[in-house]
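Asker: Quick one, structure for this:
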Amino acid sequence: MTSDPLSSLALSVTLSAAALYALYWTVRRAVAHGIRDAASTGEQGGEGEPREG
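Answerer: I've put the predicted structure just below:
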């Protein structure tokens, strides 16, 4: 089975777009969960500040 270069390019672009879309949503959900976790644990000091307790 041989395919022409245009079909190969279209398939590559489509698969790359699908992979980037999945990566976008994965990162977006991870950031949202990180923000939710940070908010639920309260403020525990920032960079360079010692934690109490």
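
Asker: can we go C-alpha only for contacts and neighbour counts from here?
Answerer: OK.

Asker: tell me how far the host helix or strand of Ala38 is from the chain's mean position?
Answerer: Counting by DSSP states H and E, the element that carries Ala38 is helix 5-41. Centroid separation for helix 5-41 versus its chain: 5 Å, with CA atoms, centre = their mean, to the nearest Å.

Asker: Please report how far Thr41 lies from Gly34.
Answerer: From Thr41 across to Gly34, the span is 11 Å (CA to CA, to the nearest Å).

Asker: So which of the two has more stuff around it?
Answerer: Neighbours were counted for Thr41 and for Gly34 using other CA atoms under 10 Å; Gly34 has more, 12 against 8.

Asker: Report the contact partners of that one.
Answerer: Counting by CA atoms under 8 Å, 6 or more residues apart in numbering, Gly34 touches no other residue.

Asker: State the distance from the residue nearest the centre of the chain to Ala19.
Answerer: Central residue of the chain (CA atoms, centre = their mean): Val27, 1.7 Å from the mean position. Counting by CA to CA, the separation of Val27 from Ala19 is 12 Å.

Asker: Check Ser8 too.
Answerer: Computed as CA to CA, the Ser8 to Ala19 distance reads 16 Å.

Asker: With Pro5 instead?
Answerer: The value you get for Pro5 to Ala19, if CA to CA is used, is 21 Å.
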